[in-house]
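Q: My questions concern the predicted model and sequence given below.
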Number of protein chains: 2
Amino acid sequence: MSIKTNTYHLHLESHHDRPVLFHVTQADWESAAKRHRALAKKLRVTAGWDNQIIHEALKTADFMITNTVPPRERFREVAPRMKWIQTTAAGVDALMPMDWLPTDVSLTNNTGAHGPKAEESCLMGLLMLQSRLPEILKNQQNHVWDCICTVPIAGKCVVVVGFGDLGQGAGRAAKKLGMTVIAVTRSGTPHRLADRVVKASRIDSVLPKADFVIVTSPLTAETRNLISRDSISLLKRGAGFINIGRAPIVDYAALREKLDSGHLGGAVLDVFEKEPLAKDSPWWSTRNTVVLPHISCDDPRYVARLFDSWFENFERFLAGKKLRNIVDRRLGY
Amino acid sequence: MSIKTNTYHLHLESHHDRPVLFHVTQADWESAAKRHRALAKKLRVTAGWDNQIIHEALKTADFMITNTVPPRERFREVAPRMKWIQTTAAGVDALMPMDWLPTDVSLTNNTGAHGPKAEESCLMGLLMLQSRLPEILKNQQNHVWDCICTVPIAGKCVVVVGFGDLGQGAGRAAKKLGMTVIAVTRSGTPHRLADRVVKASRIDSVLPKADFVIVTSPLTAETRNLISRDSISLLKRGAGFINIGRAPIVDYAALREKLDSGHLGGAVLDVFEKEPLAKDSPWWSTRNTVVLPHISCDDPRYVARLFDSWFENFERFLAGKKLRNIVDRRLGY
């Protein structure tokens, strides 16, 4: 009986300009391999930084886990054995359009990892806006005691844009608070967490009803500028705005105007067009706006959990089963 | 048949130095009387401010709704017909000790009105502390983008001090977040919302387990300084502290030291020894501390609801039934 040799090559690629949270390192691999010993034995692993060894690695890599965009030009020649790319993120907008990706290479994302944290962030954001906390915090800075007193949030209406992993987290949060949930999705298919679901093409019919809007969708050709200047002008006075999805889904210039004018009650924004937000960005001091550094949906145990679900998928791969979390190349999520 | 005359005199007494929320005015009465026409007809009502007509009114008043302390000296002589005093607040610490109050005068407080808002405030406060929001807000002030990323709160342990109306609100909040709840009460009697209940005399045995402490108790002889300097020193590094009860239950000087030193992770404080908080109070800029202007448990529909429950109780009074929300004079709540 011959000793079984490692049969597959897994390459881990990280970039230093991405948040530390999304770095997939040799150390992360080693600690994950201890939890999945038998499967880990079937793998040879390389780990690279900032594309330094990427071309060498891709010559033999069967799989790749990456927090950045792989070399897209002549991909099949560069990576002749590649079978499966796993992204560390849920959003794959940076990889679009996907014409560079051979049809026999599977692409999986990290959807499903963000729901529990997204739910808590939405609970917090909704309650902060309802209780006018941005004003109270401003008062604290100025040593002003002003009893800003607000009714409980139960019974208010939230429009949740996108109803995948993050959107359902938002839906669970709103339901725990006794709110009415209107979901906006591509298909408009009913969902148990939503009192009503409308198609994205009809978003303008529900925005005027919103006491709060939570944007959770991925950035795709269809969602870019979905909440346009005109859509924003439909929001009622005092409405609160939360974005944990992607910035370009919303006309941020129009949003900022409506916040600074006091028409909107406040915002909790976790995503921006350029991150990190520039030192001189007007967002830092936009009226009644809380700036979060893109952390609302992320758990620091992120990479450990990514490896665990990757190993689960690897087992499916070995068994010839369909992988979980495969990205629809056309839809972009 | 004779026209029925008003049979009882209700006096409303408000003080301008109390928050507007707790003013019980002639206008409040009139709008409540419209909702309770038949009962209102049995009442003659006077409304006074700042004790200007209090002595005149008490000569004939059968009932009183007050946001302040009635004249305590020779009370029975001053108010010979008084049968029932209703406070606008839940806490009656300002009326203690109650030796001035004749035993045949009922005292009711406004407990039960604060639970739903308290629950939402605890949800928000717990999540703000867990996600290290005070630091993120400080970074926003300084235009600093630092990805402070934290695990979800589920599974963490909260010690809730006091488990009445507010404490059960805190308990419901913690349970919605999947937390472990240890309640601290006078009796130590088990409660369905708490994983464990301990007597107040044993509080020091559970404080070391707390990821968070929420103080919700009324201020009584027994709760004053219950969380002493020694108790605070038992809290673990990084623990979060919330007070929606009363300030003197906690050694605030010791608490502030532990916050400023960074031993405690942060605090959300809704109550202070002197309110409004003085312009030069160190609390405004205590490290990782959110100062709320005593609004966490209050709903602006407060006085309207107070009148509604007062009318319910008035109906019980007329029927000779025991009133709801009677304060135990010895225990002080």
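A: Right, received. Where do you want to start? Numbers count the residues shown, from 1 in each chain, chains lettered A, B, ... in the order given.
Q: residue contacts, the residue nearest to residue A:315 when sequence neighbours are not counted?
A: Counting by CB to CB, 6 or more residues apart in numbering or on different chains, residue A:315 lies nearest to residue A:39, which is 6.3 Å off, once chain neighbours are set aside. Glycine gets a C-beta too; all of them are placed from N, C-alpha and C. With contacts defined as CB atoms under 8 Å, 6 or more residues apart in numbering or on different chains, the neighbours of residue A:39 are A:311, A:314-315, A:318.
Q: now with 10 Å?
A: By CB atoms under 10 Å, 6 or more residues apart in numbering or on different chains, the contact list for residue A:39 reads A:32-33, A:310-312, A:314-315, A:318.
Q: I'd like to know how far it sits from residue A:151.
A: From residue A:39 over to residue A:151 the distance is 54 Å, taken as CB to CB, to the nearest Å.
Q: all helices for chain A, in order.
A: With DSSP state H, the ranges of helices along chain A come out as A:26-35, A:37-40, A:54-58, A:75-78, A:115-130, A:133-141, A:165-176, A:203-206, A:229-232, A:252-260, A:302-318.
Q: nearest to residue B:92, of those helices?
A: helix A:133-141 (27.2 Å; CB to CB).
Q: Export the helices of chain A to TSV and append columns for mean pLDDT.
A: Listed next are the helices of chain A as TSV, based on pLDDT from 0 to 100:
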stretch	mean pLDDT
helix A:26-35	95
helix A:37-40	96
helix A:54-58	97
helix A:75-78	96
helix A:115-130	97
helix A:133-141	98
helix A:165-176	97
helix A:203-206	98
helix A:229-232	98
helix A:252-260	98
helix A:302-318	94
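Q: Can you say which of the ones you listed is nearest to residue B:53?
A: Across those, closest to residue B:53 is helix A:133-141 (CB to CB), at 35.1 Å.
Q: now that closest one against helix B:115-130, angle please.
A: Taking axes from the mean of the first three to the mean of the last three CA atoms, to 10 degrees, helix A:133-141 and helix B:115-130 form an angle of 70 degrees between their directions.
Q: tell me which strands and helices helix A:133-141 is in contact with?
A: helix A:115-130, strand A:266-269, strand A:289-291, helix B:133-141, strand B:289-291 (3 or more CB pairs under 10 Å, 6 or more residues apart in numbering or on different chains; DSSP states H and E).
Q: how about those, which one is nearest residue A:147?
A: With CB to CB as the yardstick, what comes closest out of those is strand B:289-291 (12.2 Å).
Q: between the contacts of residue A:39, which has the most around it?
A: Within the contacts of residue A:39, most neighbours by other CB atoms under 10 Å in any protein chain shown means residue A:310, with 26 neighbours.
Q: Enumerate every residue touching that one.
A: Contact analysis of residue A:310 by CB under 10 Å, 6+ apart lists A:10, A:24, A:32, A:36, A:39, A:63, A:65, A:84, A:86, A:88, A:108, A:110, A:303, A:317, A:323, A:325.
Q: Can you list the low-confidence ranges for the stretch 101-250 of chain A?
A: Within the stretch 101-250 of chain A, not a single segment meets pLDDT under 70.
Q: Mind doing that once more with 90?
A: By pLDDT under 90, the weakly predicted segments of the stretch 101-250 of chain A are A:110-113.
Q: sorry, back to before: what about the helices and strands packed on helix A:133-141, which gets the closest to residue A:332?
A: Residue A:332 sits nearest to helix A:115-130 of all the helices and strands packed on helix A:133-141, at 19.3 Å, using CB to CB.
Q: Closest one of the contacts of residue A:39 to chain B?
A: Using CB to the nearest CB, residue A:32 comes nearest to chain B of the contacts of residue A:39, at 17.8 Å.
Q: Most proximal residue of the stretch 201-333 of chain A with respect to chain B?
A: In the stretch 201-333 of chain A, the residue that lies nearest chain B is residue A:276 (3.6 Å; CB to the nearest CB).
Q: quick one: contacts for that residue?
A: Residue A:276 sits next to A:17, A:19, A:293-294, B:144-147 when contact means CB under 10 Å, 6+ apart.
Q: how about those in JSON lines, adding neighbour count?
A: What follows is these, written out as JSON lines (neighbours: other CB atoms under 10 Å in any protein chain shown):
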{"residue": "A:17", "neighbour count": "9"}
{"residue": "A:19", "neighbour count": "17"}
{"residue": "A:293", "neighbour count": "21"}
{"residue": "A:294", "neighbour count": "21"}
{"residue": "B:144", "neighbour count": "16"}
{"residue": "B:145", "neighbour count": "19"}
{"residue": "B:146", "neighbour count": "13"}
{"residue": "B:147", "neighbour count": "17"}
